[in-house]
Structure formats: C-alpha cells, structure tokens
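Undergrad: Predicted structure and sequence below. I'll ask about it afterward.
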Amino acid sequence: ICRCYLEDGASKGAWLNRSSIIFAGGDKWSVDPRVSISTLNKRDYSLQIQNVDVTDDGPYTCSVQTQHTPRTMQVHLTVQ
C-alpha cells in the first residue's frame, strides 16, 4: 500500500506511475486488475497493489488538488 490522504478542501487526487495515470479521482485508468484505491474513509486515497511483482518497481506519485495549488508526494516502490 502506498499511502496518500486528501486534506480538507482537497477536491480530488490522482496516482501516477512514472508518466502513466493509474487513477484520476475515482476513475481507474489502469487496466491492471491488481491495483485499487483504498476506501477506508473519504480522505484515504492510498494505492493498493496486490501480488506485487518486479515490474511494479519504480516511482509512484500521488497528486492532490487543493483549493490553492496541487500538492504531490512521491514514493519509490522497491521490489526484490
């Protein structure tokens, strides 16, 4: 799980892997059935990847649109 949370006033989020969009808001852009967004609560926008593989290795970026400016957070997933 790659954690990301929507702050107060955040309208939506997006997850990207390198330059490919995985999720935009609630819309899934990836065709990979292993990826999903956590729905534990309305602020949780964490990316879940089941059965992680070495091909999943690399940078993942969560971008959250706030009232003023977008905020981004990057994690690097290392699969060995």
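TA: Yes, it's here.
Undergrad: Show the pLDDT at the nearest residue to residue 44 once chain neighbours are set aside.
TA: If you skip the residues right next to it in sequence, residue 44 has residue 38 as its closest partner in space, 4.8 Å away by Cβ to Cβ, 6 or more residues apart in numbering. For the C-beta atoms, the positions are set from N, CA and C on the backbone; glycine is no exception. Note on residue 38: pLDDT of 88.
Undergrad: thinking residue 38 is in contact with residue 1, fair?
TA: Yes. Between residue 38 and residue 1 there is a contact under Cβ atoms under 8 Å: 6.8 Å.
Undergrad: quick one: the residue nearest to residue 44 from residue 4, how far?
TA: 9 Å (Cβ to Cβ, to the nearest Å).
Undergrad: which residues do those two both contact?
TA: Taking Cβ atoms under 8 Å, 6 or more residues apart in numbering as the criterion, residue 38 and residue 4 both touch 45, 46, 47.
Undergrad: Return the member of the residues you listed nearest to residue 27.
TA: Residue 27 has its nearest neighbour among the shared contacts of residue 38 and residue 4 in residue 45, at 12.8 Å by Cβ to Cβ.
Undergrad: Does the most centrally placed residue in the chain lie in a helix or a strand, and which?
TA: In the chain, the centroid-proximal residue (Cα atoms, centre = their mean) is residue 15; its distance is 3.3 Å. Remark: residue 15 resides in strand 12-17, with elements defined by DSSP states H and E.
Undergrad: Give the buried residues for that strand.
TA: For strand 12-17, burial by neighbour count (16 or more other Cβ atoms under 10 Å) applies to 13, 14, 15, 16, 17.
Undergrad: same thing with stretch 66-74?
TA: So for stretch 66-74, nothing qualifies as buried (16+ other Cβ under 10 Å).
Undergrad: What of stretch 20-37?
TA: 22, 23, 28, 30, 35, 36, 37.
Undergrad: Looking at the residues you listed, spot the one nearest residue 61.
TA: The closest of the buried residues of stretch 20-37, once distances to residue 61 are taken by Cβ to Cβ, is residue 22, at 9.5 Å.
Undergrad: what secondary structure does the closest one sit in?
TA: strand (DSSP: H, G, I helix; E, B strand; the rest coil).
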